[in-house]
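Asks: Show me the folded form of this:
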Amino acid sequence: METALLDVLHADLLTATVPPGSRLAGVAVFELRLPQPTAVTLIVRDGTALVPGPDTVLRTGDELLLITTPEAGERTERRLRAVGRRGRLAHWLGETGDPEQNGTWREAVRGAGRG
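Replies: Numbering: from 1, shown residues only. The predicted model follows:
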């Protein structure tokens with residue numbers, strides 16, 4: 001068993017919560033269009049963990065566990081902020097996920113396991 005897999009992959013572990021009023025609610029995982037190689041690996045919903053598929057629809061209160069790379073981390077954060085503010089068509093509506101605006105993204109762990 002490899003406990004430091006994130007170190008080996010040079011990956012970051014991130015979390016995001018879908019807060020009340022967020023436009024992330026109702027969006028399917030595939031509609032997030034997260035930058036490669038970012039993946040939503042787990043969703044905790046009502047205290048139960050589930051492995052999402054591309055068609056899994058996010059709900060208010062969902063906690064997302066994402067694996068990404070340092071290079072894609074900021075773009076992932078911006079995309080989640082943008083979709084949280086404007087919905088699945090955020091890019092087409094001119095939303096960039098600017099961190100200066102009040103967004104829905106919260107980073108809980110970055111570079112987990114790195115020492």
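Asks: hey, let's count contacts and neighbours off CA atoms from now on
Replies: Noted.
Asks: where's G87 relative to T41, distance?
Replies: Note on G87: its distance to T41, by C-alpha to C-alpha, to the nearest Å, is 21 Å.
Asks: Likewise for R86?
Replies: Counting by C-alpha to C-alpha - R86 and T41 are separated by 23 Å.
Asks: And A82, by the same measure?
Replies: Distance from A82 to T41, by C-alpha to C-alpha: 20 Å.
Asks: Which one of these two is surrounded by more residues?
Replies: A82 (28 against 14; other C-alpha atoms under 10 Å).
Asks: What helix or strand is that one located in?
Replies: Element membership for A82, per DSSP states H and E: helix 70-86.
Asks: In that helix, which residues are buried?
Replies: 72-73, 75-86 (16 or more other C-alpha atoms under 10 Å).
Asks: Can you name the two of those that sit furthest apart?
Replies: Using C-alpha to C-alpha, the pair of these lying farthest apart is A72 and R86, separated by 20.9 Å.
Asks: Not counting its neighbours along the chain, what's nearest P20?
Replies: T60 (5.7 Å; C-alpha to C-alpha, 6 or more residues apart in numbering).
Asks: In contact with the one you found, which residues?
Replies: 18-22, 24-25 (C-alpha atoms under 8 Å, 6 or more residues apart in numbering).
Asks: The same query, at a cut-off of 6 Å, please.
Replies: 18-20, 25 (C-alpha atoms under 6 Å, 6 or more residues apart in numbering).
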